[in-house]
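**Student:** coordinates only, sequence not included:
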């Protein structure tokens, strides 16, 4: 049943239904759409849309499919079977392995690091689900880069802030773009490129909607096994770009040592 759901972009509501069906695998082929909706805590139309999202004509077709592939009664679980939480962790480990394979060629990350290091200021864009990634990158980047500008709020002022960065001398913009992709991210990147910025993007896929608005796109897959996406690989790729950017900043180490000395003098940390 888990294989049936893999490879489909499901909404959080639809993932709740999928998880409920996995937990009630023995009963799922015999539940009505109303019963499944009650168990999952969603509406009955949501169950119908869930079935359609999986490629079926409706929920009855999905239920017939489940009955056709139902394991024989009493069949023991496969050795080493994992619950849904373990499966989510293992899927993230696989995403990290894939990222490690991509980084076997370090040239794209190193090129991105040089672009980011040379941009003064450096705008860092991330909206909605990607705002945490952008904020984390900006927090650490500010320790070594003289002028980092976090753009984590959308709205009509977003293009104003991009224009202000360009007027101040910015040459590149780093964007974190994760599903579900907000429309205004693509619009902001299109504006940034038209203003002369080189756009470096960390996205969940090389075929993400923002790809056509990016000069250099670095993919890092997200996990989809839980109700909300997990983004370990994009976060780690952001740290890789930080490392590459530090290599392009001659005074990065001096800035870090200066911060450490100030932190110690001020007693910022307990360790």
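**Tutor:** Yep, it's here. Everything quoted here is computed from the prediction, not taken from an experiment.

**Student:** right, and residue 182 touches residue 127 too?
**Tutor:** Yes. Under the criterion of C-beta atoms under 8 Å, residue 182 makes contact with residue 127 at 5.0 Å. Where you see a C-beta, it was placed from the backbone N, CA and C, and this is true even at glycine.

**Student:** More neighbours: which of those two?
**Tutor:** It is residue 127, of residue 182 and residue 127, that has more neighbours when counted by other C-beta atoms under 10 Å, with 23 against 18.

**Student:** wait, that one sits on residue 184?
**Tutor:** Yes. Judged on C-beta under 8 Å, residue 127 makes contact with residue 184 at a distance of 6.8 Å.

**Student:** Show me the common contact partners of these two, please.
**Tutor:** Listed as contacting both residue 127 and residue 184 by C-beta atoms under 8 Å, 6 or more residues apart in numbering are residue 154.

**Student:** re the thing from before, between residue 182 and residue 127, which contacts overlap?
**Tutor:** Joint contacts of residue 182 and residue 127 (C-beta under 8 Å, 6+ apart) are residue 154.

**Student:** contacting residues for the closest residue to residue 12 other than its chain neighbours?
**Tutor:** Leaving out its chain neighbours, the residue that sits closest to residue 12 by C-beta to C-beta, 6 or more residues apart in numbering is residue 227, at 4.8 Å. By C-beta under 8 Å, 6+ apart, residue 227 lies in contact with 12, 15, 16, 19.

**Student:** Let's verify residue 227: helix, strand, or coil?
**Tutor:** Per DSSP: H, G, I helix; E, B strand; the rest coil, the secondary structure class of residue 227 is coil.

**Student:** quick one: residue 178 and residue 222 touch, right?
**Tutor:** Yes. Between residue 178 and residue 222 there is a contact under C-beta under 8 Å: 6.0 Å.

**Student:** okay, these two: which has more neighbours?
**Tutor:** residue 178 (26 against 20).

**Student:** So what's the predicted local confidence for that one?
**Tutor:** Looking at residue 178, its pLDDT reads 95.

**Student:** closest to residue 44 among the contacts of residue 227?
**Tutor:** Each of the contacts of residue 227 was scored against residue 44 by C-beta to C-beta, and residue 16 proved nearest at 13.7 Å.

**Student:** what about the strands in the stretch 101-250 of the chain?
**Tutor:** 122-125, 148-151, 172-177, 198-203, 216-219 (DSSP state E, counting those that start in this stretch).

**Student:** So which elements touch the longest helix along the chain?
**Tutor:** Longest helix of the chain, by residue count under DSSP state H: helix 84-102. With contacts taken as 3 or more C-beta pairs under 8 Å, 6 or more residues apart in numbering; DSSP states H and E, helix 84-102 sits against helix 12-23, helix 232-247.

**Student:** Pipe those into CSV and attach mean pLDDT, mean neighbour count and distance to residue 214 per row.
**Tutor:** Formatted as CSV, the helices and strands packed on helix 84-102 follow (pLDDT from 0 to 100; neighbours: other C-beta atoms under 10 Å; distance: least, C-beta to C-beta, whole Å):
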stretch, mean pLDDT, mean neighbour count, distance to residue 214
helix 12-23, 83, 20, 26
helix 232-247, 96, 20, 14
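
**Student:** Tabulate those (a markdown table), appending distance to residue 135.
**Tutor:** Putting those into a markdown table (distance: least, C-beta to C-beta, whole Å) gives the following:
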| stretch | distance to residue 135 |
| --- | --- |
| helix 12-23 | 22 |
| helix 232-247 | 10 |
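
**Student:** shaky segments in this protein?
**Tutor:** Residues of the chain meeting the criterion pLDDT under 70: 1-3, 6-7, 70-80.

**Student:** At which residues are the helices of the stretch 1-150 of the chain located?
**Tutor:** Remark: helices assigned in the stretch 1-150 of the chain by DSSP state H, counting those that start in this stretch are 2-5, 12-23, 33-40, 44-53, 59-69, 84-102, 107-118, 131-141.

**Student:** what's near enough to touch residue 30?
**Tutor:** 63, 67.
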